[in-house]
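In: Fold the following, please.
(one chain, ligands or ions: 1)
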Amino acid sequence: MAAVHPPNTITPVGGTSTYFDTDAIVDGSAPKVANSAGFFNVTVAANHKEGAEELALLKYVYTRSDLEKIRGDPDAVCNAIDDFAATIPRGLMTIGAEKRTFITHMLATAEPAPTTFLEFGSYVGYSAICLASAMVARAVPGQRVRYVSFEKNPIIAAVAASLADLAGLRDVITIHVGPAAESLTRLVEKGTVTRGTVDFMLLDHWKDFYISDLQLCEKSSLIRSGSVVLADNIIFPGAPEYLAYVQAGVAEASPDGFNYATKTADFILPFGGLDQLAISTVS
Ligand SMILES: C[S@@+](CC[C@H](N)C(=O)[O-])C[C@H]1O[C@@H](n2cnc3c(N)ncnc32)[C@H](O)[C@@H]1O
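Out: Modelled structure (predicted):
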C-alpha cells in the first residue's frame, strides 16, 4: 500500500513544470523535449503524436486468444493493457497497477458513493476503465454513473473509446476529443456538467494545465464541499507549482470560497523512481 502523508507536511519537491515543450502543445502535437531522465524523448513524442504505440496496444488486445473472456470485464481489460505495457521498458503512461489499486479503493470506500468523475487526460482509457468500474460496482439500481474524460489526441481517444467499449462501459465513459479546457467549457455551456456535481477529479494530462484547468472547475463551481481532486505525476515529471497551489489551500477562482486540504501518497514508477499522487479534499 502506498505511503500517505498528512496535509501540508510535504514540501513541494522534484520535477519541473518545463518538462514539456509548450510550443509543441499548442499545435495539438505531443511535447517534443526529453527530460533529464530521457523518459519522454523525441521518439516517444513522435509515437504519441501518431498514436503508433497505442494502436499497437489496441491490435494486441483485440488479437489476444482470451478476447472473449476479457470482453465485458474491466479488470481483465486493464490487466491486458498492463501486459502490453510490461513489454515496453519504460511502460505506458497509464496510472499503472499500484495507483489503480489505491484510487479504486478510495472510490470503493468514499461516502456517499461517487457517481460523477471528471478526468483530464484519458490516454488509452486505462484509468477511465478501472475507476468507472469501481463507481459502477457501488451504484444502486437505476442510479446513473458518469465518467467524463478529456483527451486531445484523436487517435489515442479512439483507442480509449474502443477499449472502454470492450470493457462494457460504453454507457458510462465518454471520451471528449480536444484540449480539455475547450471541451469542459462546451460541456458547462451546454449544461452537460453542472454546478456541484463532480465527486472526483483526476488531473493527469500535461502538467502545465493542472492549475488553469482546476481553476476552470472552480470558476463554474463544478466541485463542492467533499469533492476530491486527484493529481498524478507530482514528482515525475513533476508538478511543483500545482502542489504548492493546492497545499496553499485556497481555491482562488472559486466564487464559493472553497478550500483544499491536501495529502500526498508515494508510489514507485514501473521503471523505478518515486512519484506522488496529490489528494485534495474540498471544504
Ligand atoms: C499521462 S496520460 C493519461 C493517462 C491516463 N489517465 C491513464 O491512466 O490511462 C496524459 C494524456 O493527456 C493528454 N493530454 C495532454 N494535454 C491535454 C489537454 N490539454 N487536454 C486533453 N488531453 C490532454 C495526452 O495526449 C495524453 O494522452
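
In: ok now do the residue of the chain most remote from its centre, which residues does it touch?
Out: For the chain, the residue at maximal distance from the C-alpha centroid (CA atoms, centre = their mean) is residue 65, at 29.3 Å. By CB atoms under 8 Å, 6 or more residues apart in numbering, the contact set of residue 65 is empty. C-beta: built from backbone N, CA, C; applies to glycine.

In: does it count as helix, strand or coil?
Out: Under DSSP: H, G, I helix; E, B strand; the rest coil, residue 65 falls in the coil class.

In: ok, it to residue 140 distance?
Out: From residue 65 over to residue 140 the distance is 37 Å, taken as CB to CB, to the nearest Å.

In: And for residue 88?
Out: Taken as CB to CB, the span from residue 88 to residue 140 is 40 Å.

In: more neighbours, those two?
Out: The neighbour comparison of residue 88 against residue 140 (other CB atoms under 10 Å) goes to residue 88, with 14 against 7.

In: Next up, the contacts around the more buried one.
Out: residue 53.

In: Could you check how far it is from residue 64?
Out: Noted for residue 88: a distance of 17 Å to residue 64, by CB to CB.

In: Residues of the stretch 51-200 of the chain that sit close to the ligand?
Out: 93-95, 121, 123-124, 126-127, 150-153, 156, 179-180 (CB under 6 Å from any ligand atom).

In: from those, which ones fall inside strands?
Out: Under the assignment DSSP state E, these contribute 150-151 to strands.

In: In helices only, show me the residues of the stretch 51-200 of the chain next to the ligand.
Out: When these are checked against helices (DSSP state H), the matches are 126-127, 156, 180.

In: Now tabulate those residues in a markdown table and tack on pLDDT and neighbour count.
Out: Shown next, in a markdown table, are these (pLDDT from 0 to 100; neighbours: other CB atoms under 10 Å):
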| residue | pLDDT | neighbour count |
| --- | --- | --- |
| 126 | 98 | 25 |
| 127 | 98 | 28 |
| 156 | 96 | 27 |
| 180 | 98 | 24 |
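
In: can you name the two of the residues you listed that are farthest apart?
Out: Farthest apart among these by CB to CB are 126 and 180. That separation is 17.2 Å.

In: which residues of the stretch 51-200 of the chain fall in helices?
Out: Under the criterion DSSP state H, counting those that start in this stretch, the stretch 51-200 of the chain contains helices at 52-62, 67-70, 74-85, 96-109, 126-138, 154-166, 180-190.

In: Point out the most buried one among the ones you listed.
Out: With neighbours defined as mean count of other CB atoms under 10 Å, these peak in mean count at helix 126-138, which reaches a mean of 24.
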